[in-house]
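**Student:** The following comprises the amino acid sequence and a computationally predicted model.
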Amino acid sequence: MEDFWLWFSLLLGGGGVIAVIVAIVTTIVALLCTILPFALIGWFIWDRAKKRDAVRQSALTWKTTTGRVLKSRVEVSSGGSSTSVTPRVHYAYDVNGQAYQSDQIQAGDKIMAIGTSQNAYAMIDRYPEGAIVTVYYNPANPQEAALER
């Protein structure tokens, strides 16, 4: 074991055991500072996708009603060098005589939505203003609704 420390301290410029310990701790801290942010971002995305999938699975048991599209458009927003294209469909529906409105297109989209500009325009084409649509709603919470499961 002494040979290892001698070799390691020589590798680090002959600074002794303290220098070796400092080098090891510094390396560990540097690795954590490098890896931890990426791990946290990955965990966040994974967690959101898991929650979105749970809502979509639960939406398979939601009831249906008829609704009407009030507004249908694609929102384009620019932020520096990137542009975001998002479909917006606002619709009204009734459940047991109670009126509701929503803008959620796919179940789980409020948690996490990923799409392309081509998909955004195709989605708007499916739901033009004034169209009569099938609305899927959560029977336990009719305010939670979507046009697609």
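**Tutor:** Now that the structure is in, tell me what you want to look at.
**Student:** Output the longest helix belonging to this protein.
**Tutor:** With residue count as the measure and DSSP state H as the assignment, the chain has helix 16-59 as its longest helix.
**Student:** residues in contact with the next helix or strand after that one?
**Tutor:** Downstream of helix 16-59, the next assigned helix or strand under DSSP states H and E is strand 63-79. The set of residues external to strand 63-79 that reach it, using CB atoms under 8 Å, 6 or more residues apart in numbering, is 83-95, 101, 117, 120-121, 124, 127-137, 139, 145, 147. The way it works is simple: take the backbone N, C-alpha and C, and place the C-beta from them, glycine included.
**Student:** from those residues, which ones fall inside helices?
**Tutor:** Going by DSSP H, the helices hold S117, A120, Y121, I124 from the contacts of strand 63-79.
**Student:** Show me the domain layout of the chain.
**Tutor:** Structurally, the chain divides into domains by automatic domain parsing as follows: 2-57, 60-146.
**Student:** so which of those is the most packed in?
**Tutor:** Among these, judged by mean count of other CB atoms under 10 Å, the one packed with the most neighbours on average is domain 60-146 (a mean of 15).
**Student:** still on that earlier bit, identify the farthest-apart pair in the ones in helices among the contacts of strand 63-79.
**Tutor:** S117 and I124 (10.9 Å; CB to CB).
**Student:** ok, back up a step: average model confidence for the longest helix of the chain?
**Tutor:** Per-residue pLDDT over helix 16-59 has a mean of 82.
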